[in-house]
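Enquirer: Take a look and give me a structure for this.
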Amino acid sequence: MDADGDSNAVVDIGAYEYDPNVTEPSFMTDSAAYNVFAGQTFDVEVSITPEAGGAVEAAFTYGSGLSGPATLDILDGAGPVNLPLTAVSTLSGNSQTVAIREGATAQDVQPGEFIVYLYERELTIGGARRFLVLEGNELRIPYR
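Expert: Residues are numbered from 1 along each chain as shown. This is a model prediction of the structure:
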């Protein structure tokens, strides 16, 4: 991918190509990557920076391990709007890309993308079952 338009397609995260003075509206998210458990539903904030000249329809393409809406309307041309996603894959360590492009509107918003890393809640280490719990969450195990 040629992130900075210099005709050099180099695999990277785009950190050096980022130009804070960009004048073309582009789809942005609050993070470039998300870590979630399989089966988890979560929201991703999608915005346009700098804002577009009017309402924009954002269209989404998901990897096979994610589900969410096909489109969202960003009525003010800036956002943010919440994109609700569900991690449907059970393959731990599986990464899925979500691509964002402009749908049926004509505001010339540049595409964007982010990555979702999927993890299984339960795994086996040395024959013993272990559970993974995100920091700040609570795990309750009923006593019998």
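Enquirer: Test my guess that Ala78 contacts Ser47.
Expert: Yes - with contact defined as Cβ atoms under 8 Å, Ala78 counts as touching Ser47 (6.2 Å). All C-beta atoms are positioned from the backbone trio N, CA, C, and that covers glycine.
Enquirer: Those two: which is more packed in?
Expert: Between Ala78 and Ser47, Ser47 has the larger neighbour count (other Cβ atoms under 10 Å), namely 20 against 15.
Enquirer: avg pLDDT for stretch 40-51?
Expert: Taken as a whole, stretch 40-51 carries a mean pLDDT of 93.
Enquirer: Could you do stretch 87-96 as well?
Expert: Computed over stretch 87-96, the mean pLDDT rounds to 71.
Enquirer: now swap in stretch 66-84 and tell me
Expert: Computed over stretch 66-84, the mean pLDDT rounds to 94.
Enquirer: for it, how far is the first residue from the last?
Expert: This stretch, stretch 66-84, spans 10 Å end to end (Cα to Cα, to the nearest Å).
Enquirer: Could I get the buried residue list for that stretch?
Expert: For stretch 66-84, a neighbour-count test (16 or more other Cβ atoms under 10 Å) marks Leu66, Gly68, Leu72, Ile74, Gly77, Gly79, Pro80, Val81, Leu83 as buried.
Enquirer: and what of stretch 83-90?
Expert: Using 16+ other Cβ under 10 Å as the test for burial, stretch 83-90 gives Leu83, Leu85, Ala87, Val88, Ser89.
Enquirer: Let's see which of those end up in strands.
Expert: If you go by DSSP state E, the buried residues of stretch 83-90 have Leu83, Leu85, Ala87 in strands.
Enquirer: Make CSV from those and add distance to Ser31 to it.
Expert: Shown next, in CSV, are these (distance: Cβ to Cβ, whole Å):
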residue, distance to Ser31
Leu83, 12
Leu85, 13
Ala87, 15
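Enquirer: For the closest residue in space to Asn94 that isn't next to it in sequence, grab the count of nearby residues.
Expert: Nearest residue to Asn94, sequence neighbours excluded (Cβ to Cβ, 6 or more residues apart in numbering): Leu118, at 4.6 Å. Applying other Cβ under 10 Å, we find 24 residues neighbouring Leu118.
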